[in-house]
Each structure stands twice: as C-alpha cells, then as structure tokens.
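In: after the sequence you'll find the predicted model.
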Amino acid sequence: MVKLLSVTLGLVFLLSGCSKDVSQEKPPLKTFEAWPAPIEVRVYQGAFSREPEQREIKLAGLAGEVLSAQVVVKGSEDLEGLKGTLFGPEGQVIPRSLGCVRFGACLQVDETMTLTADPLLEQETVDVPANVAQSVWLTLHLPADIRPGTYDGKLELSALSCEAVDFRITVEVLPARLPEPWNWSYYLNIWQDPSGVARAHKVQVWSEEHWQILERYAENFAAHGMKSIMTSVVYDPWKSQSGYPFDTLVEWKYPGVFKKGGADKFEWNFTAFDRYVELMMKAGVREKIDCYALVMGPGGTTDAHIRYLDSSSGEYRTIELTVGEPAWREIWSAFLPVLRKHLKEKGWFEKALLGFDEKPEKVMKLIFDFIVQEAPDFKVASSGGYPGDERKWGDEIVIHIDDMTNESRWAQVEPLVKRMHADKSRYISFYTACMPYFPNTFLFSPLRESRLMAWLAWKYGFDGYTRWAVNAFPEDVWTQPNYKWHSGDMYFVYPGKDGPLDGMRWELMRQGIQDYEALRMAWEMAEKAGRKDLLEKLGQAVRQATIIDSCRWIPYIEEARSLVNEVIRELGQGAV
C-alpha cells in the first residue's frame, strides 16, 4: 500500500512537473507566405502565388541605375509590425542611401471599385490584416563607381511572433555606366504646381516651411529625370481645372482699378519665380522653363483674365480679358519686355518658353500674330494644339498619343516629328491625358504602361513624354484620389510628412527612362562595332516592349530590357 502510494505521488509530481514545463513553453511562431512579383504588375489584396516558396530575386542594371523589385506578403493571421531589412554581400545592413524597403498603400479607386496599391510608404513597419496581400517594394541605387560583376544580398521579412522569411537577392552590374539623371538624353516634361504643395502639406504658401518642402519635391523630380520647370506667370492659368487655382509665381501690382492706357503703371515682383527656378535648377531640373500663360487653358477658351494686387487698397482685383482685344495686347506688350529683361539678367532667356495648352488654330493664330509683332524672340511651347505656321513655329510641340497609334494620322505627323527630333534646339514629345483609356498612367492602369511610355518615344522617334500634372493633388488624395478625370490623372507622387512620397507609377516611369538610356547606349555600341545582328536584337526588344494590344499575353517590358542587357554585356567591356 505504501509502495503504491509513493508511486502514485511520484507520478503526480512528475505530471505536475510536465504540466509546469508545458505552461512555460513559448507558443509556436506564426508563419506567412511571401513571394516575388514583377514590378509591372499591380498587387491587389486578393493576390496569390502558385509558387509561394520561390525566394529568389534577380536584378541586372547599369552602374548608377536605380533598380526596383516587388515581393508580396500574405498571412492566414494578422501580421503585426511587418518589416523588411536589406543586407549586402558581407551580411551588413544596406544603408538607406543605397537601398530601401517601402510598403504599398492602397487607395479606393472608383473606376474599378478596388483597393489599389500605388503610394510607397516610407515607414519602418506596417500591420497586415489576415488574408490580405501586401506589396513590399525594394529600391536599390547602384553606385556610379561600382565595378561590373555579380553581387549577392538578402531581404529579410519579419513580423512580431512570426518566423522570418528570407529572399536571396542577386544583382548583376553590367559593364556600362548610366549618366546622372540631369544628363539623360530622354526628355521628361511633367508639369508641376508648386503652390499646391503648400495646400497639400497644410503650410502657408511661399513660407519658409513651404520652400523647404519644395526643395524635397525638386530633388525627387530631378532624381526621376525631370527636364522642365513649369511656372505660372499669372494667377490661375488653368481656370482651376484641378479644383483649385495654381498661384502665380510673379506678383502683379497696380495702383487702383486698371484702366486702358495705363499698363505702364503695372509693377511685377519675380521673387517667388526666381526662387522656384533656382531651387529646381540646383536640384538638377535645369533644361527648360515653361511660362504659363497668355491665355487660360486648356482648349478653345479665349479667356485671359489677370489678377493683380491693388496697391492702393491692398485688395486683389481681376481684369477679365479675351485674347486679341486691345487691353490684352496692351498689358502683355508691357509685361513681356519686362519678363524678357529679367530672364536675360538671370541667364535664363534661352531656356524659357511661352506655354500654351491644347489651343486650337483659331486661338493660336491670334497669339502668333501678337508674338510675331511684339515678342518675336520668345520661344513657344505648343502642347496638344496648333503647332505653328510660316510666321512662327513652335519650339516645343507635343502631340497626343492617338496621333501616333493611328496609322493614317501618324502618316500626317511623322514628317513633323522627324524634323523636330533632328533639331536639337527644339523639343518633340507625345502625351496622354484623360484619354485614351489604354495605354495610360491612371491608378487602374497596369504598371507596365508607365514603363511603356519611354519605349514608345524610342519607337516613334520622339524626344520624350509630356503629362500635365505630377503633383496637382485632389482635396484629399488619400481618401478620394479621383477628381473630375480618371483616378491618378493629376499626380504621380503623394504628399508625405515632409515631402513627396513616390508612387509605383512614378518609379516605373523612371525605370522606363533608364531602359531608354540603356537602349541608346547599347545601340551606339552595336553601331560602332558594326554588329547588324545586335542591332536587330535591339529592334526586336523595341517591338516586344511596345506591344499594346494583342490576343496573346502582352510580355513584360523587363523581357525586352533583358535583350538590351545582353548587348551591353557583350559589347560593354571597357565602358566603365
């Protein structure tokens, strides 16, 4: 009996001990899926993979190039504190200046009724709800002085109470070097609204805080290859088409109520104009200055209203004018000589163009009549409108994408494109706007289409691409990204805490431009080497990249870029 009791007690103590040990054990770590996805594909919240165990990212690029990659994370339970860390070949954490991990934020896109990722959040972690696919964006900056070769690294994805997931990263640096963005041959002409930045960031327009934020926007624009500085030289030159007026960078003043014959009493202050141009040039956007506008736009309106500060009363007044009327001619005859003198004193006159937005022949003939008579030495930019005639021809002409994708219309404009492209003192580009629906750069557009634009420019012989707005933000872009036109029509970046946040479309736009520069370099190498076979390979790459309509699967542009890389790999020895 005693023996049985002792055995029983021993068993109780043993079981108690086991129970205690079990209670002290940590719960098993959660797991989540993660897989790579092409950067040309939008990741929606229901995304899945048929190869969820794929853990390798392969990239190739030129020294100085910015490369992007995308992975997708999805868990059966909520993931708290999802974090991505990049490691270099020696296991060291890569500094943010060379590589970063960002998270795709989703916006409500009305056209598709779908939460759509585009803004890239610059924060350490995000929380991911169960069964929701999260886009994770990798950006690597290859140093300009890096040696050609293959480099290995690692992406570590971790979350609280979860097993970490690692991706092997292989980067091949090709034997060629990409110039700095401000030296790229491609012409990227995306119009800006500097005053709207103050509104979006809730700071006083033209305050020091506003200018500090604008510096960060300028740096972002330069890093993405922007070539033009868009300035408003009158108040609201687009008639508030974006939902709010673009403020003027030139302050107009007049003592009292304007009366005909008194234009010589106007005074103009160029302080904001000068500061904006200077900060853009300092950042690297320094090729061209657009001045808008002698007439309000876009389209056939002849309205040309001018707002000025009444220096007698301190109130703002508006002179309602139409193109060609005597008062309009009088005021612009007074202002343009002052603008010319100021631009020449700053050394900017040769870079400056008077801009016009989608103005038809009837309106532009009135304007050309005036310019030829009063300001013949000013250059003119005609975006989407009447390009000019024997009296005055546009120094910049922008045609709509429909004019090149429609065969009969292309036959009519191709001679103009060839003539303008051959003239290095002029610009010829194409643009998309609220149409066509496809291809375009809307929030519901495949990301491939943002990368496509530079390849189309190469195929058809344009200098580059134009679009009307990079940062014309709707009232609250985060909750309602749509205003009047399709979602995403008015911006490529987003207002962050202290400056712009990149959008995925903006990063794909830059990737397309880098493709263009790599193609240009490869073409020159093949021509110099007399390699017709490699020129044909590059031609094949262009044909493949520019497919925009097919019964078959449209190939990723990355596949075309790989053909360009093959040529550089073969002929580029000694280029770096």
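Out: Alright, I've got the coordinates.

In: only C-alpha atoms for contact and neighbour calcs from this point on.
Out: Noted.

In: quick one: secondary structure of F430?
Out: What DSSP: H, G, I helix; E, B strand; the rest coil gives for F430 is strand.

In: er, W410 I mean
Out: Quick answer, by three-state DSSP: W410 is helix.

In: could you shift the numbering so residue one becomes 627, and keep it that way?
Out: With the count now opening at 627, the last piece we talked about shows up as W1036.

In: in contact with it, which residues?
Out: Applying C-alpha atoms under 8 Å, 6 or more residues apart in numbering to W1036 gives the contacts 1029-1030.

In: list of residues touching stretch 926-945?
Out: 860-861, 877-884, 920-922, 946-949, 954, 984-986, 989.

In: now with 7 Å?
Out: 860-861, 878-882, 920-922, 946-949, 985-986, 989 (C-alpha atoms under 7 Å, 6 or more residues apart in numbering).

In: report the buried members of the residues you listed.
Out: By neighbour count, with 16 or more other C-alpha atoms under 10 Å, these hold 860-861, 878-882, 920-922, 947-949, 985-986, 989 as buried.

In: which intervals of the protein have sub-threshold pLDDT?
Out: Scanning the chain for pLDDT under 70 picks out the ranges 627-650, 1200-1202.

In: kindly state the domain boundaries assigned to it.
Out: By the assignment in automatic domain parsing, the chain contains the domains 659-803, 810-1138, 1153-1197.

In: save these as CSV, and put in distance to M1147 too.
Out: Listed next are the domains of the chain as CSV, based on distance: least, C-alpha to C-alpha, whole Å:
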stretch, distance to M1147
domain 659-803, 8
domain 810-1138, 11
domain 1153-1197, 8
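
In: of all those, which lies closest to K652?
Out: Ranking those by proximity to K652 (C-alpha to C-alpha) places domain 659-803 first, at 10.1 Å.

In: would you mind measuring the gap between the ends of that closest one?
Out: Domain 659-803 has an end-to-end distance of 37 Å (criterion: C-alpha to C-alpha, to the nearest Å).

In: re the thing from before, nearest to P653, out of the domains of the chain?
Out: Closest to P653 of the domains of the chain, according to C-alpha to C-alpha: domain 659-803, at 8.9 Å.

In: ok now the closest one, how far from the chain's centre?
Out: The chain centroid and the centroid of domain 659-803 are separated by 19 Å, computed with C-alpha atoms, centre = their mean, to the nearest Å.

In: which one is G923 nearest to, not counting chain neighbours?
Out: Using C-alpha to C-alpha, 6 or more residues apart in numbering and skipping residues adjacent in sequence, the residue nearest G923 is W864, 4.8 Å away.

In: list the residues that contact that neighbour.
Out: 922-924.

In: quick one: contacts of stretch 1084-1101?
Out: 812-819, 822, 826, 868, 1043-1044, 1047, 1053-1059, 1079-1080, 1083, 1107, 1109, 1116-1119, 1168.

In: residues near the closest residue to Y812 other than its chain neighbours, how many?
Out: Using C-alpha to C-alpha, 6+ apart and skipping the chain neighbours, the partner closest in space to Y812 is G1090 (5.5 Å). Applying other C-alpha atoms under 10 Å, we find 25 residues neighbouring G1090.
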